[in-house]
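K.L.:
this one's sequence-less:
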Ligand code: NAP
């Protein structure tokens, strides 16, 4: 399939690479063109505008946030100014509101397909894909999804439903990280190592991938380089808050998570992983950052 790919950050580069590996023809665009070099060396063609990338049957976007997706879609020489009418598959974690506007404004079909999985899972083609949109368009996307993910969940016909599921998931991941960091800090203050606590909990009641992945990251304090940067996590908590506001759903835990992310970004800078909230938890308990959790 001839595929356009827009947004070659950590996730986009890994996904695009797997599409080339599966034999698809790729035309790629990124704001900073240098990130396309490795893909071009493997046969991708470089587009000079998002519109040029949108010349095939499908155009995939994997960008940081709402602002980037709006610019690349509706902006000058954006996807919508292309002569072709490809299916636009938006994999970024964006607001439900923007997904609704993308649905209404698209000239071709629009599919929301946000994903669960960090960059390592993207590289291994092990993403979980949450897809929503017209069923014919979802069928047409199957060859793409099977090249990059381990399972596709069809959420519904309205694209923003997939974005809502993704936002619910990220809220729960952040809550799990915060809860683990608090429990590990408590354990450490009572002279039980965080690593031991994680071993007990993930080996008994908390065997889910999210506790295993982040338990290991917290125990080893692997917060740099970020797999998922704290400012992106903060962006997601804001997106959850606006969906919760629109749907009149109080989420008191969400406010705590947002403040913890703000603390860690203020203290540690923009480059830290979102699981670095553990450092803010430690400081609040009077422990030095940098000790084993
Ligand atoms: P990233 O490495 O920071 O990449 C962000 C991408 O967006 C880059 O290609 C960047 O271009 C582009 N971009 C940012 N602002 C832009 C603008 N104003 N105009 C045009 N392009 C712009 O982020 P990522 O980790 O790949 O995440 C991408 C998306 O996937 C986000 O929505 C994130 O929430 C979601 N996600 C991430 C993970 C994860 O673990 N990392 C997991 C699931 C979902 P430049 O290269 O020019 O900066």
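P.N.:
Arrived safely. Computed from a predicted structure; not experimentally measured.
K.L.:
I'd say residue 276 and residue 264 touch.
P.N.:
Yes: with contacts counted by Cβ atoms under 8 Å, residue 276 reaches residue 264, the gap being 4.8 Å. In short, each C-beta sits where N, CA and C put it, glycine included.
K.L.:
need the overlap of contacts for these two.
P.N.:
Residues within reach of residue 276 and of residue 264 at once, by Cβ atoms under 8 Å, 6 or more residues apart in numbering, are residue 230.
K.L.:
which of the two has more neighbours?
P.N.:
For residue 276 versus residue 264, the count of surrounding residues by other Cβ atoms under 10 Å is larger for residue 276: 31 against 26.
K.L.:
and for the more buried one, nearest residue in space, chain neighbours not counted?
P.N.:
Nearest-residue entry for residue 276: residue 223, 4.1 Å, with adjacent residues in sequence omitted and distances by Cβ to Cβ, 6 or more residues apart in numbering.
K.L.:
so residue 147 is in contact with residue 20, correct?
P.N.:
No: taking Cβ under 8 Å as the definition, residue 147 is not a contact partner of residue 20, at 9.3 Å.
K.L.:
could you give the number of residues near residue 143?
P.N.:
A total of 15 residues lie near residue 143 under the criterion other Cβ under 10 Å.
K.L.:
let me know the pLDDT of it.
P.N.:
The predicted local confidence for residue 143 comes out at a pLDDT of 97.
K.L.:
with the one 10 residues further on instead?
P.N.:
Residue 153 carries a pLDDT value of 98.
K.L.:
likewise residue 292?
P.N.:
The predicted local confidence for residue 292 comes out at a pLDDT of 47.
K.L.:
now name the helix or strand holding residue 131.
P.N.:
strand 127-132 (DSSP states H and E).
K.L.:
got it, and residue 155?
P.N.:
Assigned by DSSP H and E, residue 155 falls within strand 149-156.
K.L.:
report the distance from the helix or strand following that strand to the chain centre.
P.N.:
Secondary structure here is assigned by DSSP H and E; on that basis, the next helix or strand after strand 149-156 toward the C-terminus is helix 160-189. Here helix 160-189 is found 14 Å from its chain centre; the criterion is Cα atoms, centre = their mean, to the nearest Å.
K.L.:
how deep is residue 129 tucked in, by neighbour count?
P.N.:
Around residue 129 sit 23 other residues, with neighbours defined as other Cβ under 10 Å.
K.L.:
retrieve the pLDDT associated with it.
P.N.:
Looking at residue 129, its pLDDT reads 98.
K.L.:
and what of residue 125?
P.N.:
98.
K.L.:
any idea how far it lies from residue 188?
P.N.:
For residue 125, the distance to residue 188 (Cβ to Cβ, to the nearest Å) stands at 37 Å.
K.L.:
contact partners for the residue of the stretch 151-293 of the chain found nearest the ligand?
P.N.:
In the stretch 151-293 of the chain, the residue found nearest to the ligand is residue 228; the distance is 3.5 Å by Cβ to the nearest ligand atom. Under the criterion of Cβ under 8 Å, 6+ apart, the contact partners of residue 228 comprise 118, 273, 274.
K.L.:
unless I'm mixing things up, the first one is touching residue 225, no?
P.N.:
No: because the distance of 11.8 Å does not satisfy Cβ under 8 Å, residue 118 is recorded as not touching residue 225.
K.L.:
which one's more surrounded, these two?
P.N.:
For residue 118 versus residue 225, the count of surrounding residues by other Cβ under 10 Å is larger for residue 118: 20 against 11.
K.L.:
which residues of the stretch 101-250 of the chain lie near the ligand?
P.N.:
Residues of the stretch 101-250 of the chain lying close to the ligand by Cβ under 6 Å from any ligand atom are 115, 118, 119, 227, 228, 232.
K.L.:
tell me the buried residues in stretch 182-202?
P.N.:
182, 183, 184, 185, 187, 188, 194, 195, 197, 198, 201, 202 (16 or more other Cβ atoms under 10 Å).
K.L.:
looking at those, which is nearest residue 135?
P.N.:
The nearest member of the buried residues of stretch 182-202 to residue 135, counting by Cβ to Cβ, is residue 202 at 38.2 Å.
K.L.:
how about low-confidence regions in the protein?
P.N.:
Residues of the chain meeting the criterion pLDDT under 70: 289-293.
K.L.:
how about whichever residue of it sits closest to the ligand, what does it touch?
P.N.:
The ligand sits closest to residue 9 of the chain, with a gap of 1.8 Å, by Cβ to the nearest ligand atom. With Cβ under 8 Å, 6+ apart as the criterion, the residues that contact residue 9 are 30, 35, 62, 63, 64.
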